[in-house]
Every structure is written in C-alpha cells, then in structure tokens.
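# With the sequence up front, the predicted model follows.
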Amino acid sequence: MKPIILTDIEGTTSSISFVKDVLFPYARQAMPGFVRARGNEPEVRQWLDQVAMENGGMCQDTMIVETLQGWIDQDRKHTALKALQGMVWEAGYRSGDFTAPVYPDAVEALRRWDEDGYRLAVYSSGSVPAQRLLFGNSDAGDLLPLFDAFFDTAVGHKREADSYRGIARSLGSEPNEVLFLSDVVEELDAARDAGMRTMLVDRREDYPQPRTGESTHGHRRAESFADIDPAAA
Ligand SMILES: CSCCC(=O)C(=O)COP(=O)(O)O
Ligand SMILES: [Mg+2]
C-alpha cells in the first residue's frame, strides 16, 4: 500500500536560512506595527492575550510585542507566536516582499508523487495559514493543490508521539501507513514511537556536517527528495 507522505517544512522542503534570515526578521520588524494596527481585532487579540497571560498577565501591548520578539529570537515554537507570525507574513507575501523558496528536488518529487497517486500532507510548527502562504507563494508557483492536508501545533508539538497519532487519525489511516519526512531526529523519534515510517532529510545546505551513525537515531537518511522512494520506505 502506498504510504501517505507527511512532510516538515523548515530544513526539509525549504531552507533553514529562508525561515531564519527572511521570515523571522520580517516578523520581528513588522510585529510592532501589526499589533498597533490590528491588535483590537478579536482574531489577533486572542493570541496577544494568551501571550500576556503566560507572562503573568502583563497588559501593555509594547510589553507583549517585546515578549514576542524575544520568542522569535529564541525560535520558540509557541502556537500564539506562530499564529501571529503567519498573519504578519501574509502582508509580506501579498505585497511581493518575498516569495518562498522550495528546494527544486522537493518540488519535482512532490509533483511526481502526486501524479503517482500518493496523498501528501504537511506538518510544521508554522501555523496552517503560514504553511498555506508558503506553498501558495513558492518560487515554483502555487504548490497548494498538491497537498491534501496541513497540520500545525494545534494537533500537538512535533516532539510528542501523540501528535503523530492524532495526525494519522485525521488522515483516516493507521500510523504505519504514513511516511514522515523531517530534518529533526527528535521529531522523527516521536513519529516512529507513534508507529509511523520515517526518513531523515539531511541536506548539506542546512546541515554541512552529515548526520551519520548514532546521530541518525536509526532513521533512514536522504540528502535530497530525489533519493527518497516512498514505496520502499
Ligand atoms: C510555515 S513557514 C514558517 C516555518 C516556521 O515558522 C517554523 O517554525 C518552522 O518549523 P518546522 O516545523 O517547519 O521545522
Ligand atoms: Mg524542520
């Protein structure tokens, strides 16, 4: 049976550098203006209030913004931050400030797998709207039609096995019918604990030092999507 292919984004379909050097600085710089302009919209306020609650109920928006900027610097995978980042990036994509680079080997393989009848899905710490913006505004054009489903940390964190069990359930499949692709071994460990098949994507551009031996945690490893045969994984 053909596995459903579930892919991570940062370090897997797209470079770590795009996320760290383009998306995060853009969000950091635009966050104060975004909160000033849209902070009273309920959809935005709910996330700002959540940030405030987690920091002892601080009330000034300037303090909330400083907290968010600190979390961006620490690469926190906090659901509220990720939701707000997605809203900020929307303006960047819409105004043409950037498009999203997706590795050419990933574009080629995703298109081929789709044509071959594989179901494709995404699981990233980036919010689902941010994922949709990225694949809808890629350098290779609109890749959204390739994907059946998108998952973010609303389903749980990426290093917890229950998240992968929940994803398999949502896809209407057993975990062992899903192949998860990621650059982070701890995510792959959690997926394997849930019963999924796994593949470590170990790109030279993102990880100059190849992960071999014990550092693969026993996951199969590919340096490019061109080297992945989902039928054999
Ligand atoms: C959806 S694009 C932004 C990616 C992001 O914010 C992030 O934290 C990347 O996490 P991933 O789980 O894709 O490694
Ligand atoms: Mg990743």
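It's in. Ligands and ions are numbered 1, 2, ... in the order given.
# ok, and does whichever helix or strand residue 113 is part of reach over to ligand 1?
Here residue 113 sits within helix 104-115, counting by DSSP states H and E. No - against ligand 1, helix 104-115 shows no contacts by Cβ under 6 Å from any ligand atom, the least distance being 12.6 Å. Every residue, glycine included, has its C-beta placed from N, CA and C.
# got the contact list for that helix?
5, 7, 12-14, 120, 138, 140, 143, 146, 224-226, 228, 230 (Cβ atoms under 8 Å, 6 or more residues apart in numbering).
# domains for the chain, by residue range?
Each domain of the chain is listed here as a residue range: 4-16+99-227, 19-94, per automatic domain parsing.
# Go through those domains and name the closest to ligand 2.
domain 4-16+99-227 (3.9 Å; Cβ to the ion).
# average pLDDT across that closest one?
Confidence for domain 4-16+99-227, expressed as mean pLDDT, is 98.
# and the protein, which residues reach ligand 2?
Residues of the chain found near ligand 2 (Cβ under 5 Å from the ion) are 8, 10, 11, 183.
# ok, and of these, which contact ligand 1?
8, 10, 11.
# Would you confirm that the last one contacts residue 187?
Right, the one you point to is residue 11. No - using Cβ atoms under 8 Å as the test, residue 11 is too far from residue 187 to be in contact (10.1 Å).
# picking up where we left off before, ok, and for the helix holding residue 113, which residues are buried?
105, 106, 107, 109, 110, 113, 114 (16 or more other Cβ atoms under 10 Å).
# Over to stretch 72-90?
Quick answer for stretch 72-90 (16+ other Cβ under 10 Å): 72, 77-90.
# most packed of the domains of the chain?
Stretch with highest mean neighbour count among those: domain 4-16+99-227 (a mean of 18; mean count of other Cβ atoms under 10 Å).
# quick revisit: could you identify the most distant pair in the contacts of helix 104-115?
Farthest pair in these (Cβ to Cβ) is 138 and 230. Separation: 21.0 Å.
# quick one, phi psi at the spatially most central residue of the chain?
For the chain, the residue sitting closest to the mean C-alpha position, by Cα atoms, centre = their mean, is residue 124 at 2.4 Å. The phi and psi values for residue 124, taken as degrees, to the nearest 10, are phi -140, psi 160.
# need the contact list for the nearest residue to it once chain neighbours are set aside.
Distance criterion Cβ to Cβ, 6 or more residues apart in numbering; nearest residue to residue 124, sequence neighbours excluded, is residue 9 at 4.2 Å. Each residue near residue 9 by Cβ under 8 Å, 6+ apart is listed here: 19, 122, 124, 126, 131, 134.
# Narrow those to those in strands?
Judged by DSSP state E, the subset of the contacts of residue 9 located in strands is residue 122.
# near ligand 1, which of the contacts of residue 9 show up?
19, 124, 126, 131, 134.
# For those residues, name the two members farthest from one another.
Greatest spatial distance among the ones next to ligand 1 among the contacts of residue 9 (Cβ to Cβ): 19 and 131, at 11.9 Å.
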